[in-house]
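> sequence and predicted structure, then a few things I'm wondering about:
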Amino acid sequence: MSALTVSAPGGVASAVARGVGKALGNALLVAAIVYVLWVLVVALVDNPFVAKGPGDVAEFLFTGDDATENRTRVMGQLGITLRDAAIGFTAGMVAAVVLAGAIVLSRGVEATVMPVAMVLRAVPLIALAPVIRMIFGRGVSAVAVISGIVVLFPAVVGLVFGLRSSSRQMHDVVQVYGGSERDVLFKVSFPSALPSLFAAIRISVPGAITGALIAEWLATGKGIGYAVVSAAGQSKNNEVWALVIVVTLVSLLLYTLAQVLETFVLARYGKDAGRA
């Protein structure tokens, strides 16, 4: 027996359409707010050498004499950052799911894991980075650890809350039929925690990109995280702004895609699946 609910195809279609429309509307609203804030910051700073506006970035990436070369360089750095973010996201989310399940099954695990997770979250990564580099080097392992730390704590907290919010009556039904605590976890708690899982995913997607940027800056010396620091040190301010704007827009796009995926899965399998 499972807490998973499957809805009718018509209900899924209407729920997904509403959810996708809402996600796209939110994304456009956020993009508009970012644009307005960008223009306001440039106007308030009133320093054309430092503060670059939309026209400057457009010229750097699309209309300038070196636009093709600039765009190729920026996209190459973006590809590295997206790879690093994917590594950190996967490492952090897998660890979060495993730890959340273990915490729900055992109070002893919670007493051991949560203080360590809080310490990792509280200590600035700049302070931890030298230790991480010494232990894991400057490659993929360091990226997985640094970016994974950014993802791990909020995902664990959200998942534990979701796993513990499942119906007590459903627990009793599984146990009456001879199910163990592990059966309850997989057949009741995890399906009931789908909204919390996707909330953790939505938070973790931009978090993984932030973690990747930090890892690139402090450990690997590659990707947008390092390119921004390098360009700023050489006063290549057009490139700095272009890199920042590109990674911001990609973060917003990935967050929106996570929302769309959440809408589809919850419409198909969530507790309110198929409701008008």
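Good, I have the coordinates.
> show me what the helix or strand containing G79 is packed against.
For G79, the host element (DSSP states H and E) is helix 67-105. Counting contacts by 3 or more CB pairs under 8 Å, 6 or more residues apart in numbering; DSSP states H and E, helix 67-105 is packed against helix 107-122, helix 140-164, helix 194-215, helix 223-233, helix 237-269. C-beta here means a position set from N, CA and C on the backbone, and glycine is covered the same way.
> of all those helices, which one comes closest to W38?
Closest approach to W38 among the helices and strands packed on helix 67-105 is made by helix 237-269 (7.7 Å; CB to CB).
> what residue ranges in this structure score low on pLDDT?
Counting by pLDDT under 70, the chain contains low-confidence residues at 1-12, 270-276.
> now V150, nearest residue through space, not along the chain?
The shortest distance from V150 to any non-neighbouring residue, by CB to CB, 6 or more residues apart in numbering, is to G211 (3.4 Å).
> and G137, what are its phi and psi?
phi 80, psi -160 (degrees, to the nearest 10).
> quick one, what contacts it?
G137 makes contact with no residue, according to CB atoms under 8 Å, 6 or more residues apart in numbering.
> any idea how far V143 is from it?
Distance of G137 to V143, computed by CB to CB, to the nearest Å: 10 Å.
> same thing with T81?
Counting by CB to CB - T81 and V143 are separated by 10 Å.
> quick check: neighbours shared by these two?
Residues within reach of T81 and of V143 at once, by CB under 8 Å, 6+ apart, are 212, 216.
> neighbour count for the two, which is higher?
More neighbours surround V143 than the other of T81 and V143, with 29 against 25 (other CB atoms under 10 Å).
> tell me how far the helix or strand hosting L24 lies from the chain's centre.
Using DSSP H and E, the element containing L24 is helix 9-45. Computed by CA atoms, centre = their mean, to the nearest Å, the chain-centroid distance of helix 9-45 equals 17 Å.
> same thing with stretch 94-112?
On CA atoms, centre = their mean, the centre of stretch 94-112 falls 21 Å from the chain's centre.
> contacts for it next, please.
Counting by CB under 8 Å, 6+ apart, 113-114, 117, 148, 151-152, 155-156, 159-160, 163-164, 181-182, 185, 189-190, 197, 200, 204 sit against stretch 94-112.
> recalculate using a threshold of 6 Å.
113, 152, 155-156, 159-160, 163, 181, 185 (CB atoms under 6 Å, 6 or more residues apart in numbering).
> and if you look at stretch 215-227?
Residues outside stretch 215-227 that contact it (CB under 6 Å, 6+ apart) are 77, 80-81, 84, 129, 133, 138, 142-143, 146-147, 213, 229, 243, 247.
> could you do stretch 188-207 as well?
Applying CB under 6 Å, 6+ apart, the contact partners of stretch 188-207 are 2-4, 89, 150-151, 154-155, 158-159, 161-163, 166, 170, 174, 251, 254-255, 258, 262, 270.
> mind doing that once more with 8 Å?
1-4, 89, 92-93, 96-97, 101, 104, 150-151, 154-155, 158-159, 161-167, 170-171, 174, 251, 254-255, 258-259, 261-262, 265-266, 269-271.
> quick one, which of those are buried?
Among the contacts of stretch 188-207, those classed as buried by 16 or more other CB atoms under 10 Å are 3-4, 89, 92-93, 96-97, 101, 104, 150-151, 154-155, 158-159, 162-163, 166, 170-171, 174, 251, 254-255, 258-259, 262, 265-266, 269-270.
> can you pull the buried residues of stretch 45-57?
Using 16+ other CB under 10 Å as the test for burial, stretch 45-57 gives 51-52, 56-57.
> stretch 110-125 now?
Buried-residue list, stretch 110-125, by 16+ other CB under 10 Å: 110, 113-114, 117, 120, 125.
> would JSON lines of the residues you listed with distance to A27 be doable?
Shown next, in JSON lines, are these (distance: CB to CB, whole Å):
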{"residue": "E110", "distance to A27": "36"}
{"residue": "V113", "distance to A27": "35"}
{"residue": "M114", "distance to A27": "34"}
{"residue": "A117", "distance to A27": "31"}
{"residue": "L120", "distance to A27": "31"}
{"residue": "L125", "distance to A27": "28"}
